[in-house]
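S.K.: got a structure for you, letters missing:
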């Protein structure tokens, strides 16, 4: 989170990758910045995919983390139920404990993984060095996410009980929620665009700028989201106390201004009983080819074709240029 009196950082060039799993909408893709952007465009011109950085590259460039933190907020030892999701010792996303062994996170944080192997949840303000680590037993992605990017909500089931008390998700319709109402955002992203420090839990309060049937959004130039905050909670104070009213999902490439969260109340039934049979059978199907592991970005295949040929290099170039400044998923 960037402190309110810290100057806004100059917007950086950003381009969405194209190495994510098939059928993912273009808006679900992540962003890369120079020199990675230049390398990606050169790869496209040579007939290849715009590949996502591997774990080794990410660790070298970002100190072991794939993501960036809440902007304009403060580091906090509170909100112990907000945890960090890691894969192969690389930070991926934020998440929040809502039942003793269950966490809510963003669906796009999970879609890159064929199964729960290698995923773990770490607890504490400084997760990189935390010894409170629990492997993930199963992952669940809302079945509508692949056709509607706004349904960006998923679940992580742990192999054992979390060492923290859960905070419930909101099940009630937010009919009285209005523009101007405050929500509290909590996550492990960096404090500003370009920050390469380790993930630290931070929190900030923002005023809602828009309330939609399935989402909440805000637009504060001094505070909001940055990469890595995806999957964290947007808390709302209700009569029973704090509840998880939304799941942080996206914001601006320079980590200022606009941001959005997926509401929990429209999906309360699924959250209570996530039926894996509802998820398309090919949602995690990696059997057809040896495509690059999509830890970030969109798959090289065209929609509906897991092993499709690489797209035209000129088409890839034009799509890449068109993605500059586009709002990003915050993983």
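M.R.: Arrived safely. None of these values were measured; they are calculated from a predicted model. Numbering: from 1, shown residues only.

S.K.: hang on, residue 236 packs against residue 176?
M.R.: No: judged on Cβ atoms under 8 Å, residue 236 makes no contact with residue 176 at a distance of 10.7 Å. The way it works is simple: take the backbone N, C-alpha and C, and place the C-beta from them, glycine included.

S.K.: name the nearest residue to residue 109, ignoring sequence neighbours.
M.R.: Of all residues not flanking residue 109 in the chain, residue 93 sits nearest, at 3.7 Å (Cβ to Cβ, 6 or more residues apart in numbering).

S.K.: the one you found: which element?
M.R.: strand 90-99 (DSSP states H and E).

S.K.: ok, back up a step: residues near the residue nearest to residue 109, how many?
M.R.: Neighbour count of residue 93, defined by other Cβ atoms under 10 Å: 32.

S.K.: okay, and the beta partners of it?
M.R.: residue 85 (DSSP bridges).

S.K.: now swap in the one 10 residues further on and tell me
M.R.: Applying DSSP bridges to residue 103 yields these beta-bridge partners: residue 97, residue 156.

S.K.: would you say residue 266 is within a helix?
M.R.: Yes: according to DSSP: H, G, I helix; E, B strand; the rest coil, residue 266 belongs to a helix.

S.K.: please report how far it lies from residue 221.
M.R.: In this view, residue 266 and residue 221 are 29 Å apart by Cβ to Cβ, to the nearest Å.

S.K.: before we move on, what about residue 209?
M.R.: 12 Å.

S.K.: and residue 252, by the same measure?
M.R.: Distance, residue 252 to residue 221, using Cβ to Cβ: 10 Å.

S.K.: who has more neighbours, those two?
M.R.: More crowded of residue 252 and residue 221, by other Cβ under 10 Å: residue 252, with 23 against 14.

S.K.: identify the residues contacting the residue nearest to the more buried one when sequence neighbours are not counted.
M.R.: Closest residue in space to residue 252, ignoring its immediate chain neighbours: residue 258 at 5.5 Å, by Cβ to Cβ, 6+ apart. By Cβ atoms under 8 Å, 6 or more residues apart in numbering, the residues touching residue 258 are 209, 217, 218, 219, 224, 251, 252, 327.

S.K.: correct me, but the first one touches residue 219?
M.R.: So the one you mean is residue 209. Yes: assessed by Cβ under 8 Å, residue 209 is found in contact with residue 219 at 4.5 Å.

S.K.: tell me what residue 138 is bridged to.
M.R.: residue 157.

S.K.: so what pLDDT did it get?
M.R.: pLDDT, residue 138: 94.

S.K.: that one contacts residue 154, correct?
M.R.: No: applying Cβ under 8 Å as the test, residue 138 and residue 154 come out as separate, 10.9 Å apart.

S.K.: if you count what's nearby, which of those two comes out ahead?
M.R.: The residue with more neighbours, out of residue 138 and residue 154, is residue 154; 26 against 15, by other Cβ under 10 Å.

S.K.: got the contact list for that one?
M.R.: Residue 154 touches 104, 105, 106, 107, 109, 110, 139, 140, 141, 142, 145, counting by Cβ under 8 Å, 6+ apart.

S.K.: the domain parsing of the protein - what is it?
M.R.: 1-10+58-286, 15-57+287-329 (automatic domain parsing).

S.K.: comparing those domains by mean pLDDT, which bottoms out?
M.R.: Among the domains of the chain, domain 15-57+287-329 carries the lowest mean pLDDT (a mean of 35).

S.K.: touching, residue 81 and residue 163? I think so.
M.R.: No: Residue 81 is beyond contact range of residue 163, at 10.1 Å (criterion: Cβ under 8 Å).
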